[in-house]
Each structure stands twice: as structure tokens, then as C-alpha cells.
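*Asks:* Structural data only, the sequence is not supplied:
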């Protein structure tokens with residue numbers, strides 16, 4: 001009976017995720033690029049990130065996500081006279097940052113992203129190229145607009161679905177692997193300054209139908225809309241407080257809200273939390289080892305843990321960051337945080 005319950009639960013969960021389509025991330029505040037293509041090329045360097053997320057450890061067939069992103073500015077100018085590195089007394093997260101901050105000079109950004117998202121018998125691969133244009137509106141405010149274009153491949157291994165009554169005409173069609181290729185499109189805008197940011201973006205902007213069986217049963221691939229906002233509060237010369245919020249809207253699903261709190265010491269280490277309303281809380285830790293490498297980790301304690309019981313050992317997410325062509329030796333982002 002317990003096995004049958006888990007099978008039914010996995011079927012329900014996977015069907016729900018087909019509707020949502022997009023994987024969840026606890027550390028998108030470290031990589032807003034995965035939410036909004038307008039962030040493409042926002043910094044002075046090439047930003048590369050790789051991540052692995054295992055959700056609800058201990059439950060067979062639960063979601064796993066691996067992603068790779070890389071984006072860089074093209075012909076971006078920066079008129080700083082001093083580099084920002086550990087060897088300098090200048091602290092890019094301190095008061096000097098506010099005094100030396102300038103709006104972005106007009107420039108382009110390009111990038112690529114790819115992820116593999118699997119849960120139970122469903123596997124999705126997505127690849128996309130992105131472009132953005134940044135320009136200053138005045139001395140401190142900048143505006144960016146961007147889009148991404150690519151494809152998604154969704155595979156459903158229907159032979160892995162175990163149902164009590166296989167003679168059902170609908171379920172009887174669940175044999176073999178069902179594959180679907182579809183074009184994918186994203187777009188967004190991003191308004192940012194030395195103390196604030198606001199972003200609006202959309203993903204999966206090309207709706208499509210996904211056949212689950214060989215009969216008439218279908219589920220929809222529908223757009224996801226995001227709105228983000230945040231601010232920087234300088235507590236003293238060494239510590240910054242960075243609160244932010246994200247709203248996620250998907251048609252026919254409840255609006256979800258994430259609250260993020262991040263406390264950063266200089267450009268070296270930070271602690272944070274992500275609170276997903278009605279779902280759970282995450283603890284986050286990140287370290288910038290030097291101007292070329294950083295790492296961060298998140299542990300999620302979700303409300304779903306109560307539903308899944310003692311089998312659930314939480315969710316783990318690891319992000320590795322690499323910085324290339326970093327001519328100012330920046331150890332932490334200056335434009336997005």
C-alpha cells in the first residue's frame with residue numbers, strides 16, 4: 001500500500017511539474033540571469049556559473065536540476081581609476097562604492113544558458129542564447145532590455161508509470177518514451193542603480209501542447225512571468241544588507257512570492273535566507289575566494305517536508321562561479337546583487 005501511495009504521489013507531482021515546467025532555484029539572487037535575460041552582460045567581466053540542485057533528498061524520483069550559464073559584456077567602458085581587489089584599501093561594498101558608482105555606458109551583452117531538469121519519468125533539456133542592451137538614463141540609473149531564444153526537449157518515459165489498472169484505455173497508451181521539441185523564448189527589462197533594482201521578465205513565451213498519451217490527453221506548456229525588486233542598505237563601511245522580493249505568476253496556479261535577505265561582509269562572505277511564502281525557508285552561504293572563483297550553498301527546509309514525512313531529508317543546492325576577463329579584479333558584482 002505504501003509503495004502504491006508513493007507511485008500515485010509521484011504521478012501527481014510529475015503531472016503538476018509538467019504544468020509549471022520551470023525548475024525552482026533557491027539562489028537566483030546570485031544569478032539573476034536565470035530569471036531575466038536583460039541581466040546579460042551587466043558586469044565588467046564574463047560571468048560563468050554551474051549549479052546542481054537535488055530536491056527532497058531521500059524520495060525516489062524527486063526533482064534534480066543541473067544548469068550552466070555564461071554571459072559577458074561587449075565593448076563595455078568603465079571609468080574607474082582604481083581596481084577593487086583584496087590588495088586595495090578601497091572596499092567595493094563600502095561607502096566609496098556609493099561615491100564612485102556610475103550608470104552603465106551604452107553597451108551590448110551576449111550569453112548562453114542550458115539546464116537539465118528531471119523528476120520521476122519526466123526529463124527536460126533547455127538551451128538558449130541571450131542578448132541585452134544596457135544604457136544609462138542619468139548619472140546613477142541604468143536600463144537594460146534583453147531576450148533569449150532557444151529550444152526545449154521534453155521526454156516522458158511512460159514505461160516507468162505504474163498504475164493499478166493498466167487496462168484503462170487512457171493509461172494503456174502509456175508505453176515507450178514520448179518526446180517533444182519546441183522553440184523557447186524569453187524577454188525582460190531591468191532597471192538598476194547603486195541602491196535599487198527592479199526587473200520584469202517572462203519565460204516560455206511560446207505556448208505549446210504536450211501529449212502525455214497516444215490518445216487525446218494533453219497538458220499545456222505555458223508562460224511564466226516574474227517581477228523582482230531589491231535594495232542595498234549600507235549598515236557600515238564593511239557590512240551591507242540586501243533585501244529583495246520576487247513574484248512568480250503562472251496561469252491557473254497561485255501567485256508565489258519569495259522574500260530574500262542577504263547580509264554581506266565586504267566583498268568576501270555573505271549569509272542569507274530565502275523565504276517562499278506557503279512553502280518553506282532556505283539557508284544560504286557564499287564565499288568569494290578571489291577575483292576568479294566563488295562558491296555558494298543553500299539548504300531548503302520546505303513545507304512539503306511535512307507532507308512527505310521522514311523520508312524527506314531536505315533540498316541541497318550548490319553553485320560554482322567563475323569570472324573571466326576581470327580587468328578590474330572585482331570580487332563581487334557591482335551592478336547586480
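*Replies:* Received it, and whenever you're ready, just let me know what you need. Please read all numbers here as calculations on a predicted model, not as lab measurements.

*Asks:* so residue 322 makes contact with residue 292?
*Replies:* Yes. Using C-beta atoms under 8 Å, residue 322 is in contact with residue 292, at 6.6 Å. Where C-beta positions appear, they are placed from N, C-alpha and C, glycine not excepted.

*Asks:* any common contacting residues for these two?
*Replies:* Taking C-beta atoms under 8 Å, 6 or more residues apart in numbering as the contact criterion, no residue touches both residue 322 and residue 292.

*Asks:* I'd say residue 199 and residue 36 touch.
*Replies:* Yes. If you go by C-beta under 8 Å, residue 199 and residue 36 touch, sitting 4.7 Å apart.

*Asks:* Which strand residues bridge residue 210?
*Replies:* With DSSP bridges as the criterion, residue 210 is bridged to residue 219.

*Asks:* And it, how far from residue 116?
*Replies:* Separation of residue 210 from residue 116 (C-beta to C-beta, to the nearest Å): 17 Å.

*Asks:* give me the number of residues near residue 185?
*Replies:* Using other C-beta atoms under 10 Å, residue 185 is surrounded by 16 other residues.

*Asks:* out of residue 199 and residue 36, which sits in the more crowded spot?
*Replies:* The neighbour comparison of residue 199 against residue 36 (other C-beta under 10 Å) goes to residue 36, with 30 against 23.

*Asks:* From residue 290, how far out is that one?
*Replies:* Distance of residue 36 to residue 290, given as C-beta to C-beta: 27 Å.

*Asks:* Same check on residue 38?
*Replies:* Distance, residue 38 to residue 290, using C-beta to C-beta: 28 Å.

*Asks:* secondary structure class for residue 110?
*Replies:* Three-state call for residue 110 (DSSP: H, G, I helix; E, B strand; the rest coil): strand.

*Asks:* where does this protein dip in pLDDT?
*Replies:* Applying pLDDT under 70 to the chain flags residues 1-21, 58-61, 78-100, 158-176, 211-219, 303-312.

*Asks:* Just the strands from the stretch 201-337 of the chain, written as ranges.
*Replies:* In the stretch 201-337 of the chain, strands defined by DSSP state E, counting those that start in this stretch lie at 208-211, 218-221, 224-231, 233-234, 239-250, 256-265, 269-276, 280-288, 293-302, 315-324, listed in chain order.

*Asks:* Could you do the stretch 51-200 of the chain as well?
*Replies:* Counting by DSSP E, counting those that start in this stretch, the stretch 51-200 of the chain has strands at residues 64-74, 107-119, 122-136, 142-157, 177-192, 196-203.

*Asks:* got these as JSON lines, with distance to residue 260 columns?
*Replies:* Formatted as JSON lines, the strands of the stretch 51-200 of the chain follow (distance: least, C-beta to C-beta, whole Å):
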{"stretch": "strand 64-74", "distance to residue 260": "19"}
{"stretch": "strand 107-119", "distance to residue 260": "21"}
{"stretch": "strand 122-136", "distance to residue 260": "22"}
{"stretch": "strand 142-157", "distance to residue 260": "20"}
{"stretch": "strand 177-192", "distance to residue 260": "16"}
{"stretch": "strand 196-203", "distance to residue 260": "12"}
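
*Asks:* Would it be right to say that residue 38 lies in a helix?
*Replies:* Yes. Residue 38 forms part of a helix when assessed by three-state DSSP.

*Asks:* That one reaches residue 144, doesn't it?
*Replies:* Yes. Between residue 38 and residue 144 there is a contact under C-beta under 8 Å: 4.3 Å.

*Asks:* so what sits against both of the two?
*Replies:* 132, 189, 190.

*Asks:* can you put those residues in JSON lines and add distance to residue 315?
*Replies:* Shown next, in JSON lines, are these (distance: C-beta to C-beta, whole Å):
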{"residue": "132", "distance to residue 315": "30"}
{"residue": "189", "distance to residue 315": "31"}
{"residue": "190", "distance to residue 315": "28"}
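
*Asks:* my guess is residue 137 meets residue 143, correct?
*Replies:* Yes. Using C-beta under 8 Å, residue 137 is in contact with residue 143, at 5.5 Å.

*Asks:* Noted, bye for now.
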